[in-house]
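**Q** everything below, folded, please.
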Amino acid sequence: LIRYFFDSDTSKKQCLIIHSFKRNKAVVGHKAFVTETCDTANKVQFITDVNLETAVHADSKEIFAIEQRLERNGFMPETLHGDAGFVNGDSILKSEVKGIDLAGPSSGRSQSLEDFACEERSFDIADFEVEIDNESKKITVLSCPQGQQSLGQKRSDKTGKILVHFKSAVCKSCAEQHRCPIKIGVRKSTLNVTEEQYAGAIRHHEYMGNAEYRKECGIRAGAESLVNEVANGHGARKSRHRNQKGAKVQLFFASIGCNVKRYIQHMRKCAQNAPEAAV
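**A** Model (predicted):
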């Protein structure tokens, strides 16, 4: 589920994403994506966007639709905080093109700090020395983690991956070859990589190696209250309809009811605090 918030004073916009996953349970039916304002300076946190998709709909695909709806409605965020289901190399780069910083742990990677800090962990592309072109965002691999300079690189016409070549003799004599993703051949060794893989690896290193960044990304946990409020407080946990269209309408009305309730509660607090302010 998604929460959207912005800073009204600085006009800096951010978006928080959270997706609930039921462990050891079959995923059936549909799942909802809900967007709400979440700024501490905003006294009323209104839901601004809702959507319903099938349970098998990938979060990594939905993030692009979310960004399009936010842009269409004038709520384009500067930063999106999400869990690993929404964040990968592809979504990071595509969000960056739109001017959005998609923050959070990269998908498909171990979140164990102990494994990441282990001296014998496997190398990934983020451990290589890489140069990035600021305009095209294309990468050039300069050297391996052990300092061996690359012989050059080319992009495969068939797969679209970048093929980076190294001296095979040097790789065979390297003491860390068991940790390296380079494939050692007879004449030369080859590393297969893409810009998306590099973006995902860099994000993984930043998340695992920077405690302040992990603390910043932890803000997405606040969306659990929204999950509970819409699902349990407004009857969106179970659909009363047998088709997706009816279930989506139910979700819309549940969100409207949530907005009305929040506004009433806000006005009630304002009325209660008015006499104290006058005194």
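**Q** residue 274: how many residues sit nearby?
**A** A total of 10 residues lie near residue 274 under the criterion other CB atoms under 10 Å. All C-beta atoms are positioned from the backbone trio N, CA, C, and that covers glycine.
**Q** how about low-confidence regions in the stretch 1-150 of the chain?
**A** Residue ranges of the stretch 1-150 of the chain with pLDDT under 70: 1-28, 38-40.
**Q** the longest helix belonging to the chain packs against which elements?
**A** Counting by DSSP state H, the longest helix found in the chain is helix 244-278. Contact here means 3 or more CB pairs under 8 Å, 6 or more residues apart in numbering; DSSP states H and E; on that basis helix 244-278 packs against strand 30-36, strand 47-54.
**Q** make JSON lines out of these and add distance to residue 64 and mean neighbour count.
**A** JSON lines is the format used below for the helices and strands packed on helix 244-278 (distance: least, CB to CB, whole Å; neighbours: other CB atoms under 10 Å):
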{"stretch": "strand 30-36", "distance to residue 64": "12", "mean neighbour count": "22"}
{"stretch": "strand 47-54", "distance to residue 64": "12", "mean neighbour count": "19"}
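**Q** list the buried ones in the longest helix of the chain?
**A** Residues of helix 244-278 classed as buried by neighbour count (16 or more other CB atoms under 10 Å): 247, 248, 250, 251, 254, 255, 257, 258, 259, 262.
**Q** looks like the first one contacts residue 237 (just checking).
**A** No - between residue 247 and residue 237 there is no contact under CB atoms under 8 Å: 11.5 Å.
**Q** related to what we said a few turns ago, what's the angle from the longest helix of the chain to strand 30-36?
**A** 30 degrees (axes from the mean of the first three to the mean of the last three CA atoms, to 10 degrees).
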